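**Q** what follows is a predicted protein model with its sequence.
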Amino acid sequence: MSLARCLIRPFAGLRPRPADAAAVLAPPYDVLSSAEARQAVVGKPLSFLHVSKAEIDLPVDIDPHSPAVYARSAENFRRMIDAGILRRDPRPCYYAYRLVMNEHVQTGLVAVASVAAYDSNRIRKHEFTRPDKEDDRVHQIEALNAQTGPVLLAHPDSSDAERLLALVTENDAVADVTADDGIRHTLWAIDAPAWIARIGEIFNAMPNLYIADGHHRSAAASRVAAARRGRSGAGDSAEYFLSVIFPASQVQIMDYNRVVRDLGGLSEAAFLTAVGDRYAIRPSVVPVRPMNSGVCGMYLGGRWYELTIRPDLLQASDPVRRLDVSTLAEQILAPLLGIEDLRRDTRIDFVGGMRGLSELERRVDSGEMAVAFAMYPTQMSDLMAVADAGQVMPPKSTWFEPKLADGLVSHLLDPAPG
């Protein structure tokens, strides 16, 4: 199959030997600060954080984007391979990957996804990327000559794909780890030729895949592929990037809430009146967790309110403007609070749903913030509609849980051309 038509292919994954899987598995590189990562690896010499955040092994004041950090990352990575802690499978495989968080279960396919499909928008995006974050991932890939942080992709629901993975997961797992946060990560290798062929048939026939989480990793992979393309000895492994692909209906997006430092010069009473021009307001004696679109919770002055947008203000035909985070920005944040740029305005902050509504109360009650908004989670159908329209989501629209682990399986590239 040509690169233009190929969405995915198998690869010889680099995995921890079973006895070391629990010690190696680590949170994604971008969910911990350097200080948090230093604390997390105390007593854990095999943690993959020594590869993904190698500044933890260097002086505290070092720039995390220093060449010395990427060099140490490569050194730590090579040491784990040389010691046999990480081992490459002898032949190309696919892998099934199951995440379990409380009652939520999602099972997906680990594969390498086509850069050509990404570049042509068959693997679709919904988010702008930042050049500095892309640069960081490019430097990391080049230093290791490997992709170690998987991109989270979603595929349109397919009963054929789900049935096949259900069969695979009846076999013995090659890794089964419950992480410190209680999330269970289980991996199965798929190396039977007939199953590999059938997976290729099912997934390569899909019209599109969608990036859920990992825009900077996929953009960096595209840049590395472009830089290596056509150079002698480059091979074609860089034409694919490490991915885990889940059915869209299984991907869990949690609320991504907003807190604002002040009321833009308005009193609480005046602010409530202005909000009431746009939303129906109902006081609540309990925290408000919205259960449907068009509704958000507001915590102000020690009280919760349920806000329901006026129907005539909904922008139902626009895939971006109909999002609840867009409605809040258009109806409250910009006109009432003067917050136009969610990326740069220091008066607003964002709180992932894993922290709970009590975190919103804490930040307002402490005096740090003046008002908090509890949002209805963006739905995967909304994300896919935005991507299909070639548009981008507002900043901080999605918070995916559970997170994929780093170190469970990595994608080694061909030797870099000289």
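**A** Yep, that arrived.
**Q** surely His126 is in contact with Asn208?
**A** No - at 12.0 Å, His126 and Asn208 do not qualify as touching, with contact defined as Cβ atoms under 8 Å. (Each C-beta comes from the backbone N, C-alpha and C, glycine too.)
**Q** which residues touch Glu401?
**A** Contacts of Glu401 were listed using Cβ atoms under 8 Å, 6 or more residues apart in numbering, and they are 101, 252, 254, 353-354.
**Q** between His126 and Asn208, which has more neighbouring residues?
**A** Here His126 and Asn208 are compared on neighbour count by other Cβ atoms under 10 Å; more neighbours surround His126, at 25 against 16.
**Q** and that one, which of the three is it?
**A** With DSSP: H, G, I helix; E, B strand; the rest coil as the basis, His126 sits in coil.
**Q** tally of neighbours for the nearest residue to it once chain neighbours are set aside?
**A** Spatially, and ignoring its direct neighbours in sequence, His126 is nearest to Ala387 (4.5 Å; Cβ to Cβ, 6 or more residues apart in numbering). Counted with other Cβ under 10 Å, residues neighbouring Ala387 total 24.
**Q** returning to that earlier point: which one of the contacts of Glu401 is nearest Val112?
**A** If you rank the contacts of Glu401 by distance to Val112 using Cβ to Cβ, Gln252 comes first, at 24.0 Å.
**Q** next, count neighbours for the closest one.
**A** 18.
**Q** how close does it get to Trp399?
**A** Between Gln252 and Trp399 the computed distance is 9 Å (Cβ to Cβ, to the nearest Å).
**Q** state the distance from Glu359 to Ser366.
**A** Taken as Cβ to Cβ, the span from Glu359 to Ser366 is 11 Å.
**Q** higher neighbour count, these two?
**A** Under the criterion of other Cβ under 10 Å, the comparison of Glu359 against Ser366 puts Glu359 first, with 16 against 8.
**Q** which residues does the nearest residue to that one once chain neighbours are set aside contact?
**A** In this structure, Glu359 finds its nearest non-sequential neighbour in Val351, 5.5 Å apart by Cβ to Cβ, 6+ apart. Taking Cβ under 8 Å, 6+ apart as the contact definition, Val351 lies against 256-259, 359-360, 363, 372.
**Q** what bridges to Val351?
**A** Legend: beta-bridge partners of Val351 under DSSP bridges are Asn257.
**Q** and Ser249, how many neighbours does it have?
**A** Counted with other Cβ under 10 Å, the neighbours of Ser249 add up to 12.
**Q** where's the closest residue to it other than its chain neighbours relative to Ser366, distance?
**A** Distances taken as Cβ to Cβ, 6+ apart place Asp157 nearest to Ser249, at 5.1 Å, with adjacent residues excluded. From Asp157 over to Ser366 the distance is 43 Å, taken as Cβ to Cβ.
**Q** where in the protein is pLDDT low?
**A** Residues of the chain that meet the criterion pLDDT under 70 lie in 1-4, 232-234, 416-418.
**Q** returning to what we had before: just the buried residues from the contacts of Val351, in PyMOL please.
**A** Selection command for PyMOL covering only the buried members of these, criterion 16 or more other Cβ atoms under 10 Å:
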select buried, resi 256+257+258+259+359+360+363+372
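**Q** need the contacts of Val351 in TSV (columns: distance to Val285).
**A** Compiled in TSV, the contacts of Val351 are given as follows (distance: Cβ to Cβ, whole Å):
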residue	distance to Val285
Tyr256	25
Asn257	20
Arg258	22
Val259	21
Glu359	19
Leu360	16
Arg363	20
Ala372	17
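**Q** and the contacts of Val351, which two are the farthest apart?
**A** The most widely separated members of these, counting by Cβ to Cβ, are Tyr256 and Arg363 (14.7 Å).
**Q** can you pull out the helices in this protein?
**A** For the chain, helices defined by DSSP state H occupy the ranges 21-24, 34-40, 49-52, 67-82, 115-119, 131-144, 159-168, 193-204, 215-228, 268-276, 324-328, 357-365, 380-388.
**Q** among those helices, which is nearest Ala175?
**A** Of all the helices of the chain, it is helix 21-24 that lies closest to Ala175, at 4.2 Å by Cβ to Cβ.
**Q** quick one: list the elements packing against the closest one.
**A** strand 14-16, strand 175-178 (3 or more Cβ pairs under 8 Å, 6 or more residues apart in numbering; DSSP states H and E).
**Q** and those: which comes nearest Pro28?
**A** Of all the helices and strands packed on helix 21-24, it is strand 175-178 that lies closest to Pro28, at 14.8 Å by Cβ to Cβ.
**Q** tell me which residues of the closest one are tucked away?
**A** For strand 175-178, the buried set under the neighbour-count rule, 16+ other Cβ under 10 Å, comprises 175, 177.
**Q** and stretch 82-93, by the same measure?
**A** Applying a neighbour-count criterion of 16+ other Cβ under 10 Å, the buried positions in stretch 82-93 are 85-86, 89, 93.
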